[in-house]
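Enquirer: fold the stuff below for me.
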Amino acid sequence: MRNFSLFFILLLGFSCQLNAQMFPRDGNKLCYRLIGFAFPACPGAAKYKLEIAKGTYDTENEFTKNIVTSVVTKTNKVIKEVPSFGCDYTWRIISVLPNNRAIQTAFHHFTVKTTADVDPAVTRLKITKGAETYKDAYVFIDGNRVLYDMKGNPVWFLPGSEKEDNKTVATRDLKITPYGTISFFTGGHPYEINYNGKILWQYTAHSPNDAMIMHHDFTRLSNGHFMTLIYEDTSGHSTPMLPDSVAHYMYDSAGFFRSTRYSKLVELDENGRPVWQWNGLQYERNSDVRLRKTVDCSKLDYDLHENSFFFDEKKKVIYISIRNISRVIKIKYPEGTVLNTYGTAYKSGTNLMNNETFCGQHSIRYSPGGYMYLYNNNSCGTSMPTIEKLQEAGPGKNELKKIWEYPITFDAEGKSVIGNSRFIAGGGVTELPDKSLLVMMGLPYPKVFIVNNDKKVLWSAIPQKFDPVANKWTYTDQYRACMITSRKDLEQLIWNSEK
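Expert: Down below sits the predicted model:
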């Protein structure tokens, strides 16, 4: 019996130290300091203690002297922050058994990498108003390529951004997906990755004719497919009834637009093959847009500039924002037929750009409650940008009722810019679970903030980079922001990367 007991204790200790089930694994190089620690469950253990030391150690004395954090947990999975990027760490687990017996694992080692994107002397998210709600949330800032906590501390950076050839590549639409993954554009190419940086999906052309230039919005659908906007170019195509000397320009002899660049909204399957598309050129040629006349005939390129879409998969409708004609269209999926058109209609020979409801809009979103949200740049005149909450009048009625708006009367530093029309592009708005709004201001004053329905700002911050030549902090180009507001979503993101 005594020998059996000894064997059982040895077996128990072995089962609590299976290195293959440990995460982070020895030698892992991580792009985050908010880490999911996982380890084998120890039979009979009442609790576990995670200990983490800054540095690389293999002796008890050195490890104990350098412990920077510890936590007690009743489960064999726990999420914990380490203090710094650019450091090595050592960790272990102590399983506490009945009668205060303890079994500890061997020492395990990992590295948290660093990049200029998370170097506080180079890049930062300057908090201008501390969070009143969502204090435990996290926010992706796509221009900075970083996930921050609400105090402005970076906890994750986009893998690969530390490499020299990627330091200046713009990243857009960085966000969490419903699958607990991360999607984004970099250099015009869409990717889906896990938290640990493993590429789960990327677009690869199957032939030179399949190559696509993708832009603005990249969304994973509930059927596992992907939807995105792609650019197409009609330059050099023949134009009926026009001589060759004119055909390569964007306008005809009467001064009417002939688009040389347009967009398609495309659904791609898991292999990157198109399975559905909506053609922007066909829409232009078969709608009132063809009646619009050019103002500046010296301009050689024209782009309707579809800059965002929202797919309501339950209702099977898609909303597409077209910035350069200040228009939102609603189409039926999969038929592609236009159900509603919101914006000024064109008449022959006119160049109307004005729209009473919105102009130069960006980032169309729809809420579960049935409201449309737009970041309205108001670029037709001297009015300041506004956040618009709108409601459709009904099927077949091309009308939007303004329910609520929030005027942006300040720049990123909070200084008044009333009467200054220097806001030119970009901007985004997303409804949060409590119906407050996450807003990313457009260029040239990017600022991210939360505002509630009473128009009270609940949190605000400025993404910045340090200019060593001017010796000052400057604004950085941003496109959108995305928040992780629930613990469930955070845990799904982190644990998915360890499968």
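
Enquirer: any regions of this structure where pLDDT drops low?
Expert: In the predicted model, the chain carries pLDDT under 70 at residues 1-20, 161-168, 207-209, 233-261, 293-302, 349-354, 381-383, 410-424, 499.

Enquirer: domain map for it?
Expert: As assigned by automatic domain parsing, the chain contains the domains 2-112, 116-496.

Enquirer: want to throw the ones you listed into a markdown table with mean neighbour count?
Expert: (Glycine included, C-beta is placed from N, CA and C.) Below are those laid out as a markdown table (neighbours: other CB atoms under 10 Å):
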| stretch | mean neighbour count |
| --- | --- |
| domain 2-112 | 16 |
| domain 116-496 | 17 |
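
Enquirer: run through the residues that contact residue 156.
Expert: By CB atoms under 8 Å, 6 or more residues apart in numbering, the residues touching residue 156 are 31-34, 146-147, 195.

Enquirer: at 7 Å instead, please
Expert: 31-32, 34, 146-147 (CB atoms under 7 Å, 6 or more residues apart in numbering).

Enquirer: ranges for the strands of the stretch 301-450 of the chain?
Expert: 306-312, 317-322, 327-332, 338-342, 362-366, 372-376, 386-392, 400-407, 428-431, 437-440, 448-451 (DSSP state E, counting those that start in this stretch).

Enquirer: dump these to CSV, plus distance to residue 110.
Expert: Output for the strands of the stretch 301-450 of the chain, formatted as CSV (distance: least, CB to CB, whole Å):
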stretch, distance to residue 110
strand 306-312, 39
strand 317-322, 43
strand 327-332, 48
strand 338-342, 52
strand 362-366, 38
strand 372-376, 40
strand 386-392, 42
strand 400-407, 44
strand 428-431, 34
strand 437-440, 32
strand 448-451, 31
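
Enquirer: minimum distance to residue 226: which of these has it?
Expert: Closest of the strands of the stretch 301-450 of the chain to residue 226 is strand 306-312, at 11.1 Å (criterion: CB to CB).

Enquirer: what's the spacing between the closest one and its chain's center?
Expert: 14 Å (CA atoms, centre = their mean, to the nearest Å).

Enquirer: now for it, which elements pack on it?
Expert: Contacts defined by 3 or more CB pairs under 7 Å, 6 or more residues apart in numbering; DSSP states H and E place strand 306-312 against strand 213-220, strand 226-233, strand 317-322, strand 362-366.

Enquirer: could you export it as PDB, CA atoms only?
Expert: Below are the C-alpha coordinates for strand 306-312, written out as PDB (Å, rounded to 0.1, in the frame of the first residue of the first chain):
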ATOM      1  CA  GLU A 306     -18.100  53.800 -51.900                       C
ATOM      2  CA  ASN A 307     -16.500  54.000 -48.400                       C
ATOM      3  CA  SER A 308     -18.500  51.600 -46.200                       C
ATOM      4  CA  PHE A 309     -21.300  49.100 -46.100                       C
ATOM      5  CA  PHE A 310     -23.400  47.400 -43.500                       C
ATOM      6  CA  PHE A 311     -24.900  44.000 -44.200                       C
ATOM      7  CA  ASP A 312     -28.000  43.200 -42.100                       C
END
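
Enquirer: I would like the residues contacting it, please.
Expert: The contact list for strand 306-312 (CB under 7 Å, 6+ apart) reads 216-217, 219, 221, 227, 229, 263, 265, 280, 318-323, 362-366.

Enquirer: can you do 6 Å?
Expert: For strand 306-312, contacts defined as CB atoms under 6 Å, 6 or more residues apart in numbering pick out 216-217, 229, 263, 265, 280, 318-323, 362-366.

Enquirer: just want the angle from that strand to strand 226-233.
Expert: 150 degrees (axes from the mean of the first three to the mean of the last three CA atoms, to 10 degrees).

Enquirer: tell me the spacing between residue 326 and residue 34.
Expert: Applying CB to CB, to the nearest Å, the value for residue 326 to residue 34 is 41 Å.

Enquirer: nope, residue 26 is what I was after
Expert: 20 Å.

Enquirer: and for residue 227?
Expert: Distance of residue 227 to residue 34, given as CB to CB: 29 Å.

Enquirer: now residue 211
Expert: Taking CB to CB, one finds residue 211 at 37 Å from residue 34.

Enquirer: just residue 464 next, same as before
Expert: 22 Å.

Enquirer: what's the answer for residue 58, then?
Expert: 26 Å.

Enquirer: coming back round to it: what is the most widely separated pair among the contacts of residue 156?
Expert: For the contacts of residue 156, and using CB to CB, no pair is farther apart than 34 and 146, which are 11.9 Å apart.
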